[in-house]
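S.K.: mind looking at a prediction? Sequence and model below.
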Amino acid sequence: MDPKKPIIALDFSNQEDLFHFLDQFEGQQLNVKVGMELFYAGGKPFLERIQAQGHDIFLDLKLHDIPNTVERAMAILASTGVAMVNVHAAGGKEMMAAALRGLEAGSNGKRPLLISVTQLTSTSTEQMNQEQGIPGEVLDSVLRYAELTKAAGLDGVVCSPLEAAAIKAACGPDFLTVTPGIRLESSVADDQKRIMTPAKASRSGSDYIVVGRPITQADDAVATYQQIVSDWSGQK
Ligand SMILES: O=C(O)c1cc(=O)[nH]c(=O)n1[C@@H]1O[C@H](COP(=O)(O)O)[C@@H](O)[C@H]1O
């Protein structure tokens, strides 16, 4: 998965809208993120259709279950040939290590990158304190989860770009930071709470950015995508 290109979050409610969207990018190889909604509806044949168009897939299913179940599920996901998959760090070190074993066992050749979700970028400090019962700042919890993820042997974490620099300082430069919560100056925040522009995210240590609605809901998706690519890769 080429880090110079943003990962487009394909959050569409049906395959027809999705392929209509992708048609606009004919001839370009994209990094795309497929989430639960479309994967549960379309399964492996749906992934193959996207891969046949030359795109690299981040399969965002955020697994979180007992270690044995996650290990077996990951072995199956590895066989789809996707480039990146994820788990919730809240599942713990043993679960994350099992996920990695499953991926290694199931891949023929290159194993997909495995990252964990720390605190979602839609989570505020108040929600984390009051609803999850975790005290302190979001950053403290994110760093704790990032260190646990590294100890389990994973490749990196999903986090807000606001946290990327601190994660690099704690876990080292090779530990990947994949950052949603990206908005151009002109975009609306939607439900994201911890956001940054592509250029600032790049300077802050993000390795990959994930961008959904600013592209998928733009009047001119291709032009907006190009604007985000140049803002992002201009800093690299
Ligand atoms: O795992 C993710 O991809 C993810 C983690 C997170 O903390 N925050 C977050 O927004 N995401 C995903 O990133 C995408 C962001 O989409 P937009 O807010 O539309 O740019 C969505 O598909 C989310 O599911």
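M.R.: Received it, and whenever you're ready, just let me know what you need.
S.K.: what's the local residue count around the residue in the chain positioned nearest to the ligand?
M.R.: When distances are taken as CB to the nearest ligand atom, the chain approaches the ligand most closely through residue 212, which lies 2.6 Å from it. For every residue, glycine as well, the C-beta is placed using N, CA and C. Counted by other CB atoms under 10 Å, the residues lying close to residue 212 total 19.
S.K.: just give me the neighbour total for residue 94.
M.R.: Every residue meeting other CB under 10 Å relative to residue 94 is counted, giving 12.
S.K.: hmm, back to that, quick one: residues contacting the residue of the chain closest to the ligand.
M.R.: By CB atoms under 8 Å, 6 or more residues apart in numbering, the contact set of residue 212 is 8, 9, 10, 11, 33, 180.
S.K.: could you tell me whether the fifth one really is in a strand?
M.R.: Pointing back at residue 33 there. Yes - when the secondary structure is assigned by DSSP: H, G, I helix; E, B strand; the rest coil, residue 33 falls within a strand.
S.K.: what residues sit buried inside the helix ranked longest in the chain?
M.R.: With DSSP state H setting the assignment, residue counts place helix 36-52 as the longest helix in the chain. Under the neighbour-count criterion of 16 or more other CB atoms under 10 Å, helix 36-52 has 38, 39, 42, 46, 47, 50, 51 buried.
S.K.: give the residue spans of the chain that score low on pLDDT.
M.R.: For the chain, the stretches flagged by pLDDT under 70 are 192, 194, 235-236.
S.K.: that older thread, go through the buried residues of helix 36-52 and name the one nearest residue 62.
M.R.: Minimum separation from residue 62 among the buried residues of helix 36-52 (CB to CB) is found for residue 39, which lies at 11.3 Å.
S.K.: wouldn't the closest one be in contact with residue 58 here?
M.R.: No - the pair residue 39 and residue 58 fails to qualify as a contact (CB atoms under 8 Å) at a distance of 11.4 Å.
S.K.: redo the buried residues of helix 36-52 as JSON lines? Include distance to residue 1.
M.R.: JSON lines is the format used below for the buried residues of helix 36-52 (distance: CB to CB, whole Å):
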{"residue": "38", "distance to residue 1": "18"}
{"residue": "39", "distance to residue 1": "17"}
{"residue": "42", "distance to residue 1": "21"}
{"residue": "46", "distance to residue 1": "19"}
{"residue": "47", "distance to residue 1": "14"}
{"residue": "50", "distance to residue 1": "13"}
{"residue": "51", "distance to residue 1": "12"}
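S.K.: pull up the residues of the chain that are close to the ligand.
M.R.: Proximity of the chain to the ligand is assessed by CB under 6 Å from any ligand atom, with 9, 11, 33, 35, 60, 86, 117, 120-121, 158, 180-181, 190, 192, 210-214 identified as the residues in range.
S.K.: are any of those residues buried, and which?
M.R.: Buried by 16+ other CB under 10 Å: 9, 11, 33, 35, 60, 86, 117, 120-121, 158, 180-181, 192, 210-214, out of the residues of the chain next to the ligand.
S.K.: that older thread, in TSV: the contacts of residue 212, plus distance to residue 228.
M.R.: Converted to TSV, these look like this (distance: CB to CB, whole Å):
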residue	distance to residue 228
8	9
9	12
10	15
11	16
33	14
180	13
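S.K.: now secondary structure too, for the residues you listed, in a markdown table please.
M.R.: Below are the contacts of residue 212 laid out as a markdown table (three-state DSSP):
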| residue | secondary structure |
| --- | --- |
| 8 | strand |
| 9 | strand |
| 10 | coil |
| 11 | coil |
| 33 | strand |
| 180 | coil |
